[in-house]
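Chemist: With the sequence up front, the predicted model follows.
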Amino acid sequence: MRVGCGLRVRRIDGNEYLYFWHYEQDSGRSRRREDYVGPARDSGSKRDAARKLLAYHRRVRQDLDARIARLERTA
């Protein structure tokens, strides 16, 4: 299991675009994925990116808590 996420700005034809990257499970393997958020300078894009980061961290925390609970039951 790979954990990680972040933001990346890509410059295309002189314009900057914001992407949210993260790892997700695909057939038992971790795969890095990038999702387009919007124009990098747009305040809505920045707000959406912050929401995506928060949602990812919450999901990872829940997954880790579940794994820890399973391990504690077997230990």
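Modeler: Yes, it's here.
Chemist: Contact partners for residue 3?
Modeler: 23, 60, 64 (CB atoms under 8 Å, 6 or more residues apart in numbering). Placement of C-beta: from N, CA and C, glycine included.
Chemist: sec struct for it, please.
Modeler: Following DSSP: H, G, I helix; E, B strand; the rest coil, residue 3 is assigned to coil.
Chemist: what's the helix or strand for residue 62?
Modeler: Using DSSP states H and E, residue 62 falls within helix 43-74.
Chemist: Show me what that helix is packed up against.
Modeler: Counting contacts by 3 or more CB pairs under 8 Å, 6 or more residues apart in numbering; DSSP states H and E, helix 43-74 packs against strand 5-12, strand 15-26, strand 29-39.
Chemist: how about the ones you listed in JSON lines, adding mean neighbour count and mean pLDDT?
Modeler: Shown next, in JSON lines, are these (neighbours: other CB atoms under 10 Å; pLDDT from 0 to 100):
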{"stretch": "strand 5-12", "mean neighbour count": "12", "mean pLDDT": "97"}
{"stretch": "strand 15-26", "mean neighbour count": "15", "mean pLDDT": "94"}
{"stretch": "strand 29-39", "mean neighbour count": "13", "mean pLDDT": "95"}
